[in-house]
Structure formats: structure tokens, C-alpha cells
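**Q** Got a sequence here, can you model it:
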Amino acid sequence: MRVESVAVCRRAIKAAVLPCVALMSFLSGVAFHTGVTRGDRVEAASDQVFQLMIYHTLPGKAPALESIFRDVSKLQARHGLNAVGYWVPEKNDPAWENTFVYVLAHPSRETAEANWNALHADPEFEPYFKAAAPLIQQTNGNYQVDLV
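**A** Numbering: from 1, shown residues only. Sure thing, here's the model as predicted:
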């Protein structure tokens, strides 16, 4: 008799688990949807802007472009252009083949524009530009760079 009552209890517990899980999921969804679990809205403390650039290079030239950017980064920093990071994506994804990714942070859009203009006007920048330009794909004279 004792073995039978244990088996009955186990079946009852198993039968109750699915409805309990469903009820908990439903209540969690309701709490999230109604805002019970939401915190206060957070806003940025500044107008900081991030700039993502994806350069499409000629086949096999992405590492060379990365090297040029590594060298020019000190000159860019002097003009307030702060690199967050730059890299050549792994070669195991064909969608990213022959690309170089570059991310910058700026205090504001206006500052970004002024800093870029100052860099491009600096005579020290010209050799870096001349070295990088032949590595980047072009279509109708436009460099293939995705800018976000």
C-alpha cells in the first residue's frame, strides 16, 4: 500500500509541474508588460557619438589597411579622433572577407566633423592616405566604406 501511494504522489507532482511552469511564465510576462519590473528610464549624460566604419578592401589587403590605421592612430588622437577599436574580422565568415572594421568615439557630431576636417588638413596625414587609398575597393571613384 505504501508503494502505491508514493507512485500516486509522483504522478500528481508530474501532472502539476507543467501547469505551474506555464502559470509562472504567464505571471512573469504580465509583470514585464505592465512595467512592474521596469526600472527608471536611463538617458545618456552627454551627446557622445560613436562612428562605425567598415572598409571593403581589395582581396587580401585588410591586414595592410589595419597596419596603416595602427600607425596613423597617434596622429588622429592629436586631432581628437579617439579610436575605440579596429580589427580585421575572422576569415571563417565569407560575408566579412576583405573587410576592416573601425570604431571611433566623439564628444558630439559637431566635434567629430571639426576633428576630421583638422586631420584631413594636416600635411602629416597625406602619406597615410596615399598608402591606404590603393587598398580600398572603389566603385565609380568612390571608396567602398560603410559608415554608421
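**Q** hey, where'd the strands end up in this protein?
**A** Along the chain, counting by DSSP state E, strands occupy 49-56, 82-87, 99-106, 138-139, 142-143, 145-147.
**Q** From the contact counts, what lies against the third one?
**A** Secondary structure elements in contact with strand 99-106, counted by 3 or more C-beta pairs under 8 Å, 6 or more residues apart in numbering; DSSP states H and E, are strand 49-56, helix 62-78, strand 82-87, helix 109-121. Just so you know, the C-beta spots here come from the backbone N, C-alpha and C atoms, and that holds for glycine as well.
**Q** Out of the ones you listed, which gets nearest to Gln138?
**A** Judged by C-beta to C-beta, the one of these that comes nearest to Gln138 is strand 49-56, at 9.4 Å.
**Q** now the closest one against strand 99-106, angle please.
**A** 160 degrees (axes from the mean of the first three to the mean of the last three C-alpha atoms, to 10 degrees).
**Q** Pull up the pairing partners for strand 49-56, direction included.
**A** Strand 49-56 has the following strand partners under DSSP bridges: strand 99-106 (antiparallel), strand 145-147 (antiparallel).
**Q** Need those strands in TSV (columns: distance to Leu81).
**A** Listed next are the strands paired with strand 49-56 as TSV, based on distance: least, C-beta to C-beta, whole Å:
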stretch	distance to Leu81
strand 99-106	6
strand 145-147	14
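**Q** Spatially nearest residue to Val145 (excluding sequence neighbours)?
**A** Of all residues not flanking Val145 in the chain, Tyr55 sits nearest, at 5.2 Å (C-beta to C-beta, 6 or more residues apart in numbering).
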